[in-house]
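>>> next one to model:
(one chain, ligands or ions: 1)
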Amino acid sequence: MKPIQVGLLGIGTVGSGTFTVLNRNQEEIRRRAGRGIEISMVADLDVERARGIVGDRARVVADAREVIANPEIDIVVELIGGYGIAKTLVLEAIAAGKHVVTANKALLAVHGTEIFEAARAQGVMVAFEAAVAGGIPIIKALREGLTANRIEWVAGIINGTTNFILSEMRSKGLDFAAVLKQAQALGYAEADPTFDIEGVDAAHKATIMSAIAFGVPVQFDKAYVEGITALQAADIRYAEQLGYRIKLLGITKRRDDLATAPGGAGGIELRVHPTLVPSQRLIANVEGAMNAVVVQGDAVGSTLYYGKGAGAEPTASAVIADLVDITRLHTADPDHRVPHLAFQPGSLQDTPILAIDEVVTSFYLRLQVADQAGVLARITGILAEHDISIDAVLQRESAEGEKQTDLIILTHDTVEGRMRAALAQMQALPTVLAPIVRIRKEELK
Ligand code: HSE
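Numbering: from 1, shown residues only. Here you go, the predicted model:
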């Protein structure tokens, strides 16, 4: 049978990795897919560079629309990124009846509902394994491998850049800004790392996982996003003394407890923020640029997925897995394919994504306080007034003659809104000498 024909839009790092791996493993891939898979067209603005990568094995054009318009092309792989032209081209490819593979997490997290609806109406597939955690097959796991489960929560290290920075901060005792500079010099962080360090990239990925885990539409605008730019080396050190590591986690959690509250309809937490995780958890020991995702299902319990979340060949591994899936399934009745978001389109629910004030977590607090009688009592009094229970307290030993100290408090679970009110009251105390540091904590049991 003639190989299925693929057109690449964009041949940067992931595109050239896809080309390389597809060529290297073509025989194995053909045996798995039941048919060859061939990249026969590539569109890239830098035609010369693209020709340097593909040689005479594929036709190179500057205009992506030539690929979309070619009736020979069965699958369009979008590797341009961003929400601009990439969105237009994906919608045009769908309208032209092409199946689409994309690594574009930003596009799907923000415009996924429109894109999946267009694909459903056209009877084509949009596959996006590479959009979340690079080479880790987490979409496949959530959508198919765990399909028997009622998923309870998903928590992941889904941004390699920030995990690399946090690992370096911990092992070298350095502050954020110094490590970021190093990471940029080594090529671990982009020249403009904003999306990574502000948590936006992780929130795109968490949004996609949330939709698939709980059968709700993708809703990036409802995600709570906090990056790692304000993290200080001192807090990483104190956390360690208390038995915790700080990781930037993407978390999405089902909150059935709200369904039983008067008028409550249940809710879903969707958030990205630095998080204290017990050092003995496997995910707390994921270091460097690696990614890992923990999924808690009611039947299977806890499962962990670990691997490279970026890079040419790891991401190509996910892109090609999608190409194989489409090759196997493209002749199947569209109603019998695996739904884009794991749940049948008519069965998505409108369970609300909770505002951050409604989220339940425990907290790490660091207060720089005057070292005098009654300070601790006043602070713990405020926490008690807000019904926030303390788990542990650590006080830095003051040096001879020093008039201030650091007070570290770990709390039990509480509703965030309550903690916000307590923090405002504590911050107003004259004996609290600097802005209070608060970092959320998850036991991930
Ligand atoms: N920039 C991302 C990371 C990879 O650092 O993990 C692509 O999403």
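
>>> please make it C-alpha for all contacts and neighbour counts, starting now.
Fine.

>>> buried set for the helix or strand that contains Arg237?
Following DSSP states H and E, one finds Arg237 within helix 233-241. Of the residues in helix 233-241, 233, 235-240 count as buried by neighbour count, 16 or more other Cα atoms under 10 Å.

>>> export these as TSV, with columns for distance to the ligand and pLDDT.
Supplementary listing: these in TSV, determined by distance: Cα to the nearest ligand atom, whole Å; pLDDT from 0 to 100:
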residue	distance to the ligand	pLDDT
Ala233	21	96
Asp235	23	97
Ile236	20	97
Arg237	24	96
Tyr238	26	96
Ala239	24	97
Glu240	24	96
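
>>> which among those residues gets closest to Ile320?
If you rank the buried residues of helix 233-241 by distance to Ile320 using Cα to Cα, Ile236 comes first, at 38.7 Å.

>>> what angle do helix 233-241 and the helix or strand following the helix holding Arg237 make with each other?
In the C-terminal direction, the helix or strand that comes right after helix 233-241 (DSSP H and E) is strand 244-255. Using axes from the mean of the first three to the mean of the last three Cα atoms, to 10 degrees, the interaxial angle of strand 244-255 with respect to helix 233-241 works out to 80 degrees.

>>> toward the C-terminus, what is the element adjacent to strand 244-255?
Going C-terminal from strand 244-255, and assigning secondary structure by DSSP H and E, you next hit strand 267-278.

>>> next, see if that next one gets close to the ligand.
No. With Cα under 6 Å from any ligand atom as the criterion, the ligand is not reached by strand 267-278; the gap is at least 13.7 Å.

>>> the helices in the stretch 251-400 of the chain, which residues?
Along the stretch 251-400 of the chain, the segments classed as helices by DSSP state H, counting those that start in this stretch run 312-329, 375-385.

>>> give me the distance from the longest one to the chain's centre.
Meaning helix 312-329. 20 Å (Cα atoms, centre = their mean, to the nearest Å).

>>> distance of the residue of the stretch 301-445 of the chain found nearest the ligand from His330?
For the stretch 301-445 of the chain, the residue closest to the ligand is Ala310, as judged by Cα to the nearest ligand atom, at 4.8 Å. Distance, Ala310 to His330, by Cα to Cα, to the nearest Å: 28 Å.

>>> same check, this time on Gly267
For Gly267, the distance to His330 - Cα to Cα - is 36 Å.

>>> tell me which of those two has more neighbours.
With other Cα atoms under 10 Å as the criterion, Gly267 and His330 differ in neighbour count, and Gly267 comes out ahead with 21 against 17.

>>> which ones are touching that one?
For Gly267, the contact set (Cα atoms under 8 Å, 6 or more residues apart in numbering) comprises 254-256, 258-259, 351-354.

>>> which among those end up buried?
With neighbours counted by 16+ other Cα under 10 Å, these contain buried members at 254-255, 351, 353-354.

>>> could you list the low-pLDDT ranges of the chain?
261-265 (pLDDT under 70).

>>> which residues of it lie near the ligand?
Within the chain, the positions near the ligand by Cα under 6 Å from any ligand atom are 159-161, 196, 201, 309-310.

>>> most neighbours out of those residues, which is it?
Comparing the residues of the chain next to the ligand on neighbour count, Asn159 comes out first with 30 neighbours (neighbours: other Cα under 10 Å).

>>> now the closest residue to that residue other than its chain neighbours: how far from Ala109?
Nearest residue to Asn159 in three dimensions, chain neighbours excluded: Ala202, at 5.6 Å (Cα to Cα, 6 or more residues apart in numbering). Taking Cα to Cα as the criterion, Ala202 is separated from Ala109 by 11 Å.

>>> next: Asp322.
According to Cα to Cα, Asp322 and Ala109 sit 18 Å apart.
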